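**Student:** Pasted the sequence and its predicted model underneath.
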Amino acid sequence: MFVRVIFKGGHPFTLMSQTVPILMLGLMDRVAYHSGLVDGVRRRCEAAGRTELTVEQKAEVSWGQTVHLLVLPVGSLLPLPLMASGVQSTYLFAFALPFVFTLVAALLEHTGPGFCATLDPKTIGIVCAKYFGGIVSFAMLMGLSAA
């Protein structure tokens, strides 16, 4: 949607009218979960979704959160000056930066506690495949919102 506003122009109301239905679906899901389910089913869902983490798993989650909180804001803020420059040739580079920083964060996440100190080829392949899948999904959504 933002790509459409940048390249084709757009009014904030148009952008809002495309975003609000998605937010309403999330709200309807929450309302249906809290008021539509019988208490017994809701309790079973909450019990099935709850997991106790070991000390190693807690360290892995903590490391992953730290990496993402440090790397992803940089990847999100760095493109802004490139976009503000007004040079259209830098737009593609600016749009690619968050994806590159996401890949860096995912690779750094696998160097933390509980993981091997060096990245093995299998882990790099899995992370790159997920990264490529994210880019393809983003491109498809971008194409759908521009239509």
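**Tutor:** Noted; the coordinates are in hand.
**Student:** From the chain's centre, how far out is the strand or helix carrying Lys122? Work that out for me.
**Tutor:** Using DSSP states H and E, Lys122 sits within helix 121-146. The chain centre lies 11 Å from the centre of helix 121-146; the measure is Cα atoms, centre = their mean, to the nearest Å.
**Student:** how does this protein divide up, domain by domain?
**Tutor:** Following automatic domain parsing, one gets these domains for the chain: 1-50, 53-147.
**Student:** For the longest one, what does the pLDDT average out to?
**Tutor:** Domain 53-147 carries an average pLDDT of 77.
**Student:** just how off-centre is that domain within its chain?
**Tutor:** The answer for domain 53-147 is 8 Å, by Cα atoms, centre = their mean.
**Student:** which helices and strands sit right next to the host helix or strand of Ala105?
**Tutor:** If you go by DSSP H and E, Ala105 is part of helix 91-109. Contacts defined by 3 or more Cβ pairs under 8 Å, 6 or more residues apart in numbering; DSSP states H and E place helix 91-109 against helix 55-77, helix 79-84, helix 121-146. From N, CA and C alone the C-beta is placed, and that goes for glycine too.
**Student:** Of the domains of the chain, flag the one that's most buried.
**Tutor:** domain 53-147 (a mean of 13; mean count of other Cβ atoms under 10 Å).
**Student:** and the direction of the helix holding Lys122 versus that of helix 91-109, what angle?
**Tutor:** 150 degrees (axes from the mean of the first three to the mean of the last three Cα atoms, to 10 degrees).
**Student:** Okay, and the residue of the chain most remote from its centre sits in which element?
**Tutor:** Using Cα atoms, centre = their mean, the residue of the chain lying farthest from its centre is Gly40. It sits 32.8 Å away. Assigned by DSSP H and E, Gly40 belongs to helix 39-49.
**Student:** contacts for that helix?
**Tutor:** 33-34, 37 (Cβ atoms under 8 Å, 6 or more residues apart in numbering).
**Student:** Distance check, Gly134 against Thr66.
**Tutor:** 21 Å (Cβ to Cβ, to the nearest Å).
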